[in-house]
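A.B. asks: Predicted model, plus sequence, below.
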Amino acid sequence: MTTSKGVCIADYLDEECIACNIDADSRDEVVDRLVELIHRKTGAFDRTAAFADVLERERLSPTVLAEGLALPHARIDGLSRPYLAMATTHHGVDFKAPGEEPVNVIVLILTPKDDPGAYLRLVAALSKKLGAPHVLKQLMAVDKAREVLGILTEGPERENIKLNAMNVMNRNPITLDEGDTLAHAIQAFCSNRIMDIPVVDDDGDLRGVIAIEDLLGLSLPQHLLWMEDLTPIENFEPFSELLRKDSETKVADFMRDKFVAILPETPAIQLAKIFLMQGIRQIQVVEGSRFLGSVNLDSFISQIFWA
Amino acid sequence: MHEEENGAVLSTKQLLARLVLLLLISVGIGFSGKLFGVFTEKQVVATSVFLAIILGTLFFWTFRLSIAFLGLTVLIFTHCLDIEHFVASAELPVILFLVGMMIVVGALRDLGFFTWVVQALISIPNMTGRKFIAATAIASALLACAVDEVTSIIFIATLIFQVCNRLKLNPTPYIIICVLCTNIGSAGTMMGNPVGIFIGTKAGLTFGDFFTWAFPIMLASLGSCVVVCLMWYRKELHLFDERLKDRMERQLSLVPKVVVPYRRGLAVLLLTLGFIASHHALEEFFHLGKNSILLVAPLACSGIVMLFKRDRARHYVEHEVDWWTLLFFMLLFAIAGTLEHTKVTQVIADGFVNLCGDKPAILIPSIMATTALGSAFVDNVIFVAAFSPVITALGETMPSMPLWWALLFGACFGGNITLIGSTANIVAIGMLEKQSHSHISFFQWLKIGALSAFVAMLIAWGLLSLMAPHMPH
């Protein structure tokens, strides 16, 4: 796993692969046109399979990265290096992401199947470039591929993109407040289908974490866990009492104040080691005590091996 | 100074400074004995190594085993100890007794015995704060008698944390009460404390002797400790009562009430206790050496347990037995044996008799007070290991049994004086810091610890003096 590499968007995107102000009605149509642009340039992959792979990835988890921006992608057999294709559209295209507005800037990323870091580095470079204020508006305002490329390639010629916690973390995970109740926690776990929730205070400092098992820990007191076999205990209904007081039990009463926290510049290889050796599902990213985001094992794995 | 991290968090400079200080003090005291013409060369080495171990446990609790290993090496190199004497003094039967008990304790946990005890304490009818704490404290003392003090406090402290967590109370006072009672309870039988089985072996005392002479004194001292603690912490117990009443009114329990299957666990405990209790009769019936069955009884019971719980046998041996501590004990006994072998203990015994005379009325409180003060700051096993040959030497000219009991009560009750006085204290404080982030200051503990130890020892001294004339020679 290469953790640091210079990334220049111009190395992967050229004018032939940029379509300005296209008139497309659906996500599938935009993706099809972008795949076609890259295929026309390289011809080194199965176009139909690539289109299907991108849509399948999009169906499992829409890639709308920010308001108005989507980065559909797939890892393709046969590619020797990554390729980018980009489209802008004035009227917006629905990328079927729940709660998201139609997107106006779409960048397709196709990377070789055997280079998982390429996608992460390109996403990090694009996020840095397109995340700057007004860049999306600038892109929307121009109608020539050369101008689009000029906007994307201005600034330092080569960004040194590191594969680190900052680039793989979820910046807006579901969090709880110390004063939230058990009822809030149950709601957050069940409605979002997540396993771990960071607990953050009013100042944005990380105070603890709650794992979904902690809800069971509240019902199963320690002294029962001393026993090797609990099967003889048949009449055990502690959950009703737990729920009876769910509005008075505060998150601070049962959160874990010991958790794994790392700095944003921690390399991805160290994250991989922590996940493997400590058997945890979530790593918190902090600067001092300020909470920056979380890296979940499943998203880390999917970004490394599958995204 | 016994915190587990002690030593581990030291910088290299601090570590070296402490090592130099340790060597200077131990070697200095050893050589001053030679300068005053009290010690021979071998006695100087034996005393210095033993002092290094005592200081090692004070300065580097986490490195105590390394210091014991190095100390043994020094003794072998300087001809103060040979392998034959090492094996003879390492008290292997005592170590195996403790191994057997630890395996039995692991099985008792698996089989739900401790869960049942905790559940029974929570289910006391018409519970009040005082009733709950008094019952829990007494249970912790009796549990210490039945298994050992560390096991007892681990399980009882977990109960206290659970209850205090539900009542939103600071667990510190209740933990202190239970630890004080656990230390007192550990003097009741020879299983309560490694000191008990060591004294039993050295003095040739049987389980019956402990039950006849030590157990009643322990019960009286325990009663005094419970009363002193309940009075000392009356405000906290009042708050406990209020919170408990409030919770009960809201129809919320302290912990979920469940019916715990306990019979198999209780059967294993009764089998072990029965086997140990009948060791003397069995030894006489089978014409076996004194305490031979006593020392193998826990091994026999753990063998049966491991036969029935075959899938857990390896877990019991590898995880339930505290090999680190047992290895330390083994080396400690051997090094203390060197004190006896090189006749350092005879010198100390003579000094003791010169100082206190040879009348039991003075020797009993003197031994008890010396051991208690020593055990307050040094691991009581170290102190007893060093002092037992002194009692053996004293016993040559007078009845030794009251002196052995004085040593036992001094070592066990003295553990209450400071927060580093016994392993149970250290374990409980560690749990308290981990669970509730509460810290106990040295003086916060000293006030109630010294008071309860003083009252308990007064009672023990009085009862021992009354019982001494009736004890067998």
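C.D. replies: In hand now; what should we look at?

A.B. asks: And the pLDDT for B:Leu331?
C.D. replies: Looking at B:Leu331, its pLDDT is 91.

A.B. asks: now swap in A:Ile174 and tell me
C.D. replies: Looking at A:Ile174, its pLDDT stands at 91.

A.B. asks: Which parts of the stretch 101-250 of chain A are helices?
C.D. replies: A:116-130, A:135-141, A:145-153, A:165-168, A:182-192, A:213-219, A:222-225, A:239-244 (DSSP state H, counting those that start in this stretch).

A.B. asks: which ones are touching the closest residue to A:Leu84 other than its chain neighbours?
C.D. replies: Counting by C-beta to C-beta, 6 or more residues apart in numbering or on different chains, the nearest residue to A:Leu84 once its immediate chain neighbours are dropped is A:Leu13, at 4.0 Å. Backbone N, C-alpha and C define where each C-beta goes, glycine included. Neighbouring residues of A:Leu13 by C-beta atoms under 8 Å, 6 or more residues apart in numbering or on different chains: A:Tyr83, A:Leu84, A:Ala85, A:Met86, A:Leu149, A:Leu152.

A.B. asks: Phi first, then psi, for the second one.
C.D. replies: This points to A:Leu84. phi -120, psi 150 (degrees, to the nearest 10).

A.B. asks: Likewise for the first one?
C.D. replies: Phi and psi for A:Tyr83, reported as degrees, to the nearest 10, are phi -130, psi 150.

A.B. asks: contacting residues around it?
C.D. replies: The neighbourhood of A:Tyr83, defined by C-beta under 8 Å, 6+ apart, consists of A:Tyr12, A:Leu13, A:Cys17, A:Ile38, A:Lys41, A:Thr42, A:Ile109, A:Leu110.

A.B. asks: which among these gets closest to chain B?
C.D. replies: Nearest to chain B out of the contacts of A:Tyr83 is A:Ile109 (C-beta to the nearest C-beta; 47.4 Å).

A.B. asks: So what pairs up with that closest one in the strands?
C.D. replies: A:His73, A:Leu84 (DSSP bridges).

A.B. asks: Number of residues surrounding it?
C.D. replies: When neighbours are counted by other C-beta atoms under 10 Å in any protein chain shown, A:Ile109 registers 26.

A.B. asks: Need the per-residue pLDDT for it.
C.D. replies: pLDDT, A:Ile109: 92.

A.B. asks: Next, the contact list for A:Ile76, please.
C.D. replies: A:Phe45, A:Ala49, A:Ala50, A:Asp53, A:Leu110, A:Thr111, A:Pro112, A:Lys113.

A.B. asks: For the first one, which non-adjacent residue is spatially closest?
C.D. replies: The reference is to A:Phe45. Spatially, and ignoring its direct neighbours in sequence, A:Phe45 is nearest to A:Gly78 (4.3 Å; C-beta to C-beta, 6+ apart).

A.B. asks: SS state for that neighbour?
C.D. replies: Under the three-state scheme (DSSP: H, G, I helix; E, B strand; the rest coil), A:Gly78 adopts coil.

A.B. asks: Next, give phi and psi for it.
C.D. replies: With angles defined as degrees, to the nearest 10, A:Gly78 sits at phi 100, psi -20.

A.B. asks: Quick check, it in contact with A:Ala44.
C.D. replies: Yes: assessed by C-beta atoms under 8 Å, A:Gly78 is found in contact with A:Ala44 at 5.1 Å.

A.B. asks: any low-confidence regions in chain A?
C.D. replies: Applying pLDDT under 70 to chain A flags residues A:1-6, A:133, A:155-161, A:235-247, A:306-307.

A.B. asks: which residues in it form strands?
C.D. replies: Along chain A, counting by DSSP state E, strands occupy A:4-7, A:18-19, A:64-66, A:69-70, A:73-76, A:83-93, A:103-112, A:159-162, A:176-177, A:196-200, A:206-211, A:261-262, A:282-287, A:290-296.

A.B. asks: Distance to B:Gln346 added to the contacts of A:Leu13, as JSON lines?
C.D. replies: JSON lines is the format used below for these (distance: C-beta to C-beta, whole Å):
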{"residue": "A:Tyr83", "distance to B:Gln346": "91"}
{"residue": "A:Leu84", "distance to B:Gln346": "90"}
{"residue": "A:Ala85", "distance to B:Gln346": "94"}
{"residue": "A:Met86", "distance to B:Gln346": "94"}
{"residue": "A:Leu149", "distance to B:Gln346": "96"}
{"residue": "A:Leu152", "distance to B:Gln346": "92"}
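
A.B. asks: ok, of the residues you listed, which one's closest to B:Thr158?
C.D. replies: Nearest to B:Thr158, judged by C-beta to C-beta, of the contacts of A:Leu13 is A:Leu84 at 58.5 Å.

A.B. asks: So which residue of chain A lies furthest out from the middle?
C.D. replies: Residue farthest from the centre of chain A, counting by C-alpha atoms, centre = their mean, is A:Pro232 at 44.4 Å.

A.B. asks: Just list the residues touching the residue nearest to it when sequence neighbours are not counted, thanks.
C.D. replies: Here the nearest residue to A:Pro232 in space, its sequence neighbours aside, is B:Pro261; by C-beta to C-beta, 6+ apart that works out to 4.3 Å. Counting by C-beta under 8 Å, 6+ apart, B:Pro261 touches A:Pro232, A:Ile233, B:Gly112.

A.B. asks: What of B:Ile348?
C.D. replies: B:Val390.

A.B. asks: Spell out which helix or strand contains it, please.
C.D. replies: Element membership for B:Ile348, per DSSP states H and E: helix B:344-356.

A.B. asks: Report the mean confidence score over that helix.
C.D. replies: 82.

A.B. asks: Now the residue nearest to A:Ala66 when sequence neighbours are not counted: phi and psi?
C.D. replies: In this structure, A:Ala66 finds its nearest non-sequential neighbour in A:Gly131, 6.6 Å apart by C-beta to C-beta, 6+ apart. Note on A:Gly131: its backbone torsions stand at phi -80, psi -10 [degrees, to the nearest 10].
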